[in-house]
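J.: Fold the following for me, if possible:
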Amino acid sequence: MKKTRHGIYLDDALTAELERLTRKPGASKSGVIAAGLKLLAERGAASEVDAVLRARLDRVTRDLSLVRRHQRGVLEILLMIVRWLIAALPPMSDAETPAARAAAEARFAQFLKQVTTRYTHDRRLATTLLEVFETEAEDLAPSKRTAR
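T.: Take a look at the predicted model:
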């Protein structure tokens, strides 16, 4: 392979670094500079990859930010419901507590079963409710036969 001679000027710090790198046996100034230029040229292609990854990471960051925002909203709703339940439900007597606890445990077990079923089958309550509302709205709408 043909090699071309180049005359270059380096500042003192780079000259000292070049001297340090060429102290090893078999290392030459030309070899060190050639390896550095090769890495720099390859890094140019890596910059394009970095730009693509940066765009994707920015999108993921935005999506994660929305998820966090929605999660805060859901938590706020849940806390409002709990606060309302605590304020709205009267305390019960000691005689009623065991029966109420047993009923609550049964309802909670049923709740967990429904959540698990919906989660595993990817059925969302909001989607189900919208379908029911749409069906009821169609049933309640006046038909074309009766509107004359």
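J.: gap between residue 26 and residue 128?
T.: Counting by Cβ to Cβ, to the nearest Å, the gap from residue 26 to residue 128 is 73 Å. (C-beta placed from N, C-alpha, C; glycine too.)
J.: Looking at those two, which is more packed in?
T.: Set residue 26 next to residue 128 and count neighbours by other Cβ atoms under 10 Å: residue 128 wins out with 11 against 6.
J.: Now the more buried one: which helix or strand?
T.: If you go by DSSP states H and E, residue 128 is part of helix 125-140.
J.: now residue 93
T.: Using DSSP H and E, residue 93 maps to neither a helix nor a strand.
J.: What is the burial count for it?
T.: By the criterion of other Cβ under 10 Å, residue 93 has 7 neighbours.
J.: now do residue 24
T.: Residue 24 has 9 nearby residues by other Cβ under 10 Å.
J.: And the helices in this protein, which stretches?
T.: Under the criterion DSSP state H, the chain contains helices at 12-21, 29-88, 97-120, 125-140.
J.: ok, residue 132 - how many residues close by?
T.: Neighbour count for residue 132, taken as other Cβ under 10 Å: 10.
J.: pLDDT at it, what is it?
T.: pLDDT recorded at residue 132 is 84.
J.: ok, so what distance separates the residue minimising distance to the centre of the chain from residue 124?
T.: For the chain, the residue nearest the mean C-alpha position is residue 64 (3.8 Å; Cα atoms, centre = their mean). Separation of residue 64 from residue 124 (Cβ to Cβ) stands at 21 Å.
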